[in-house]
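Peer 1: pasting the structure only:
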């Protein structure tokens, strides 16, 4: 059984930084494509970033480009989301997700088979 556990969320002032982690167990992490999504209150879950199984390819939604970096350590079965220059509009629950195959569309949540429980990120103005 594949399990994903996010950590690293919290309360930060605008302009600050957070580094989210997602530890994966119970599967073959090094073969998974990984994504980060977020959901703000009253809004639909949206794509933030994704990374290929090798780490050679990464994708970002336009609103976070230049501020956010996704990375992975296959030796530690962990994917990271480094977020800088945070804005109040980044406030949301952040979820990591795993796809056992290469997504047809990296931004589609339904492409990902496994999900974590989420970690809250709150950015104050």
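Peer 2: Cool, the structure landed. Keep in mind the model is a prediction, meaning the values are calculated, not measured. Numbering: from 1, shown residues only.

Peer 1: stretch 60-71: which residues count as buried?
Peer 2: Across stretch 60-71, burial judged by 16 or more other C-beta atoms under 10 Å covers 60-61, 64, 68-70. The way it works is simple: take the backbone N, C-alpha and C, and place the C-beta from them, glycine included.

Peer 1: give me the nearest residue to the one residue sitting closest to the centre of the chain, chain neighbours excluded.
Peer 2: Central residue check for the chain by C-alpha atoms, centre = their mean: the C-alpha nearest the mean position is that of residue 36, 2.2 Å away. Once flanking residues are discounted, residue 36 sits nearest to residue 48: 4.4 Å by C-beta to C-beta, 6 or more residues apart in numbering.

Peer 1: in which helix or strand would I find the one you found?
Peer 2: strand 46-51 (DSSP states H and E).

Peer 1: give me the helices and strands touching the helix or strand that that strand is followed by, please.
Peer 2: Elements were assigned by DSSP H and E; along the chain past strand 46-51, the next helix or strand is strand 58-60. Strand 58-60 sits against strand 46-51, strand 68-73, with contacts defined as 3 or more C-beta pairs under 8 Å, 6 or more residues apart in numbering; DSSP states H and E.

Peer 1: for strand 58-60, which outside residues touch it?
Peer 2: With C-beta atoms under 8 Å, 6 or more residues apart in numbering as the test, strand 58-60 has contacts from 48-52, 68-70, 106-107.
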